[in-house]
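> Have a look; sequence and predicted model below, questions after that.
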Amino acid sequence: MDVVRWCCFFLLLQTLFFSPSHTQTDSFTSILISQNGLDFVKNLLVNKAIASIIPLQIPRIEKTVRIPFLGGIDVVVSNLTIYELDVASSYVKLGETGVVIVASGTTCNLSMNWHYSYATWIPPMEISDQGIASVQVEGMEIGLSLGLQSDEGGLKLSLSECGCHVKDISIKLEGGASWFYQGMVNAFKDQIGASVESTISNKLSEGVSDLDSFLQSLPKEIPVDDKAALNVTFTSDPILRDSSITFEIDGLFTRTGTNQVLRSSFRNSAPSAICPGNSKMLGISLDEAVFNSAAALYYNAEFMQWIVDKVPDQALLNTARWRFIIPQLYRKYPNQDMNLNISLSSPPLVKISEQYVGANVNANLVINVLEADKVIPVACISLEIRGSGALRVMGNNLGGSVKLEDFSMSLEWSNIGNLHLHLLQPIVWTVIQTVFVPYANDHLEKGFPLPIIHGFTLENAEIICSASEITVCSDVAYLDSSQQPPSHLSLPSSTPWITTLL
């Protein structure tokens with residue numbers, strides 16, 4: 001890994017909880033990283049980066065030193081290597097246009113080989129010597145200032161300033177004559193310090209450039225299944241405050257591979273992603289439009305239609321069971337098997353309030369009689385189902401469940417005369433409770449991914465409901481490589497220094 005790219009990569013992790021698109025009016029998900037979250041990521045990355053950048057090679061130094069009575073001595077310092085780096089303290093400061101990252105009180109230990117030679121006149125001969133030395137750099141400060149802007153739906157990272165300052169250097173030589181020691185220290189102290197400063201500064205610049213290219217190549221959607229993906233494109237510049245950074249993303253469901261979003265509503269509230277007291281590291285706010293976009297997508301994909309031919313009480317699907325409820329059905333089709341065709345007539349509508357997460361579902365229930373190899377529709381009942389939902393965080397997924405609150409029904413058409421719907425109500429309730437609700441919960445329990453960068457997982461998550469949106473407030477834990485599950489947001493192997501960090 002290249003030297004202090006950890007500074008730049010700290011910024012990347014703040015931005016990579018989501019990837020890059022539109023205008024602020026198109027944002028349906030907000031992500032706020034609090035000061036606690038920033039500090040957590042910073043501390044983690046400092047430790048990971050130090051482990052990954054060591055050893056670091058410094059270019060060789062050649063110089064001619066004037067020594068009294070001896071004249072010019074050619075000295076070469078080679079194999080100059082930083083083998084230990086310790087950061088006493090570091091901080092990140094957010095401004096209106098970017099991020100400043102500073103590591104102070106940094107010390108690093110170096111090893112090197114030295115060699116000198118000079119020629120004498122009487123007798124004419126060349127004298128040389130060589131040995132090793134240890135170098136300690138103290139009081140080093142490393143810092144950079146970065147700009148963050150949205151750029152055609154992506155996120156552009158620019159370097160405003162970067163630098164490294166070495167306060168003090170001590171050199172300890174092993175081998176060589178004692179007269180050589182002071183000359184060596186005087187000749188190379190400043191030059192070694194300058195080489196360390198320039199090497200680190202150059203690596204900072206390279207790291208920012210690499211990260212900018214990486215950000216531009218980020219995917220704009222996260223697959224959910226073979227039908228749907230989450231549109232995770234940036235919609236505006238990051239909002240930088242004194243102790244937090246907020247990102248606005250599209251957040252709606254889109255058809256896999258098409259980037260085609262079904263927009264049926266607008267965001268009803270101002271984005272917040274605010275957790276009480278900002279005690280959690282991360283706040284992810286999702287507008288109810290996110291859930292309604294999922295409902296619309298699966299509805300348009302004709303995913304919400306079911307043929308019910310098996311129920312816990314299988315006798316329910318025979319006309320004999322209906323002879324007292326719909327006598328004319330039994331008289332016309334005695335002892336015939338049946339099935340029920342349930343299809344939604346419009347996408348489910350999700351509503352979120354401070355006290356309640358609910359959904360209204362409009363569906364048609366067609367009663368079919370199975371006669372020989374024919375399916376005979378005999379009646380259609382229109383249903384309006386009202387359910388309440390419970391949300392929960394499972395790993396990095398947001399899932400939930402639904403329960404039936406009540407429903408109403410009306411007759412759409414009938415080929416067997418008028419129906420007494422009040423007599424049908426217990427049967428329809430049973431079908432909804434034993435077939436429709438379990439089927440819905442089987443899919444809802446799997447949930448959909450919250451776009452968290454690979455290697456990190458939500459921890460101690462809480463869900464807060466407010467007017468037309470929910471906010472997931474959570475701390476974040478880091479998993480080492482042996483614990484990490486597969487992820488749609490894993491970093492590419494073509495960026496080896498990032499892969500090392502994660």
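All right, it came through fine. If you're wondering where the values come from, they're calculated on a predicted model, not measured in any experiment.

> Low-confidence bits of the stretch 251-400 of the chain, can you list those?
Residues of the stretch 251-400 of the chain that meet the criterion pLDDT under 70 lie in 257-273.

> mind listing the helices for the stretch 151-300 of the chain?
178-216, 288-300 (DSSP state H, counting those that start in this stretch).

> now, of these, which is deepest in the fold?
Of all the helices of the stretch 151-300 of the chain, helix 288-300 has the most neighbours on average by mean count of other C-beta atoms under 10 Å, namely a mean of 22. (Glycine included, C-beta is placed from N, CA and C.)

> surely Ile284 meets Ile470?
No - using C-beta atoms under 8 Å, Ile284 is not in contact with Ile470, being 9.0 Å away.

> Asp26 and Ser293, how far apart?
Going from Asp26 to Ser293 by C-beta to C-beta, to the nearest Å gives 12 Å.

> just Leu215 next, same as before
Separation of Leu215 from Ser293 (C-beta to C-beta) stands at 25 Å.

> just Thr29 next, same as before
To Ser293, Thr29 is 11 Å away according to C-beta to C-beta.

> Next, count neighbours for Ile470.
20 (other C-beta atoms under 10 Å).

> Ok, the one 5 residues further on next?
Here the neighbour count serves as a burial measure; for Asp475 (other C-beta under 10 Å) it reads 17.

> before we move on, what about Asp74?
Asp74 has 15 nearby residues by other C-beta under 10 Å.

> ok, the closest residue to Ile33 other than its chain neighbours - contacts?
Nearest non-adjacent residue to Ile33, counting by C-beta to C-beta, 6 or more residues apart in numbering: Ile245, 5.2 Å away. The contact partners of Ile245, by C-beta atoms under 8 Å, 6 or more residues apart in numbering, come to Gln14, Leu32, Ile33, Leu38, Leu94, Val99, Pro238, Ile239.

> what does Glu138 give?
Listed by C-beta under 8 Å, 6+ apart, the contact set of Glu138 reads Thr107, Lys167, Asp168, Ile169, Ser170.

> Note down every partner strand of the helix or strand hosting it and its orientation.
Assessed by DSSP states H and E, Glu138 sits inside strand 125-151. Here strand 125-151 has these sheet partners by DSSP bridges: strand 98-120 (antiparallel), strand 154-165 (antiparallel), strand 168-174 (antiparallel).

> Dump these to TSV, plus mean neighbour count, distance to Ser401 and mean pLDDT.
Formatted as TSV, the strands paired with strand 125-151 follow (neighbours: other C-beta atoms under 10 Å; distance: least, C-beta to C-beta, whole Å; pLDDT from 0 to 100):
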stretch	mean neighbour count	distance to Ser401	mean pLDDT
strand 98-120	18	40	84
strand 154-165	18	36	85
strand 168-174	14	63	82
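
> So which of those is nearest Ile452?
Smallest distance to Ile452 across the strands paired with strand 125-151 (C-beta to C-beta): 16.8 Å, for strand 154-165.

> Three-state assignment for the residue most central in space within the chain, please.
Relative to the mean C-alpha position of the chain, the nearest C-alpha, by C-alpha atoms, centre = their mean, is the one of Ile452, at 2.4 Å. What DSSP: H, G, I helix; E, B strand; the rest coil gives for Ile452 is coil.

> so it touches Leu458, yeah?
Yes - counting by C-beta under 8 Å, Leu458 is a contact partner of Ile452 at 6.6 Å.

> Need the overlap of contacts for these two.
Contacts common to Ile452 and Leu458, judged by C-beta under 8 Å, 6+ apart, are Asn396, Val476.

> so who does the closest residue to Ser345 other than its chain neighbours touch?
With sequence-adjacent residues excluded and distances taken as C-beta to C-beta, 6+ apart, Ser345 is closest to Asn362, at 4.8 Å. Residues near Asn362 by C-beta under 8 Å, 6+ apart: Leu344, Ser345, Ser346, Ser382, Leu383, Glu384, Ile385.

> can you state the direction angle for the helix or strand harbouring Asn362 and helix 288-300?
Using DSSP H and E, Asn362 maps to strand 357-371. In terms of direction (axes from the mean of the first three to the mean of the last three C-alpha atoms, to 10 degrees), strand 357-371 departs from helix 288-300 by 10 degrees.

> Much appreciated, bye for now.
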